[in-house]
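coordinates only, sequence not included:
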């Protein structure tokens, strides 16, 4: 519930960033969490914080395993179903400015399908 | 990586169910996890398991907080951005058969926007 007593209006979310934060012990199957996805998620949240015009229209949410474990950290964006892999904190500014704020996916970070 | 050595084909996912499993201590702000969303997520996975024709085309993923904490457990479905709230294990069969398998949202469970 918002501070004014109303319920949050999820219908206004235009773009939703999901960041895999699944963590496995180092040395076995790789995981986004072990590869630094927590820092990626934090940087995405910080980027959203710098764009007040997007508050309530963009969401960033952590998730469990999204699937492409060998290619992570993975970020999945809906409704357009854009899959980013190998995302680092150094990539986040470009994702925020180009995709989160500009609506254009960052092609160089998109997952290559078989 | 799949057992045959190929990478998973995420591009084939047609519908993605996100289940909030955020948990807070009981007695404070409510949370989906404290309200049983883990069982909801497990039941959705089991439901998907009963539909082999959907394997690879539907995904079920746990998430951190999705926002409508006072109305949870929350399930969010993309790409159509359907928000379900107050979901219990007893609702899952209907969600699986009607929405996951049939493509039609369960209207009675959808969140009412302001």
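Structure's in. What do you need? Nothing here was measured: the structure is a model prediction, and the numbers come from that model.

now the strands for chain A?
A:15-20, A:58-63, A:75-78, A:82-84 (DSSP state E).

give me the number of neighbouring residues for residue A:76.
Neighbour count of residue A:76, defined by other Cβ atoms under 10 Å in any protein chain shown: 28. C-beta coordinates here come from the backbone N, C-alpha and C atoms, glycine included.

sorry, that was for residue A:30
15.

right, and it touches residue A:70 too?
Yes - look at residue A:30 against residue A:70 with Cβ atoms under 8 Å: they come within range, at 5.9 Å.

test my guess that residue A:34 contacts residue A:24.
Yes - Residue A:34 lies in contact with residue A:24 (Cβ under 8 Å); the separation is 6.1 Å.

of these two, who's got more company?
Counted by other Cβ under 10 Å, residue A:34 and residue A:24 do not tie: residue A:34 has more neighbours, with 19 against 14.

report the contact partners of that one.
A:23, A:24, A:25, A:26 (Cβ atoms under 8 Å, 6 or more residues apart in numbering or on different chains).

kindly report the same for residue A:12.
A:56, A:57.

what about it, distance to residue A:56?
5 Å (Cβ to Cβ, to the nearest Å).

flag every residue of chain A that's near chain B.
A:1, A:6-11, A:13, A:16, A:18, A:21, A:59, A:61-71, A:76, A:78-81, A:83, A:111, A:113-114 (Cβ under 8 Å from any Cβ of the partner chain).

now which of the residues you listed would you call buried?
A:7-8, A:10, A:13, A:16, A:18, A:21, A:59, A:61-69, A:71, A:76, A:78, A:83, A:111 (16 or more other Cβ atoms under 10 Å in any protein chain shown).
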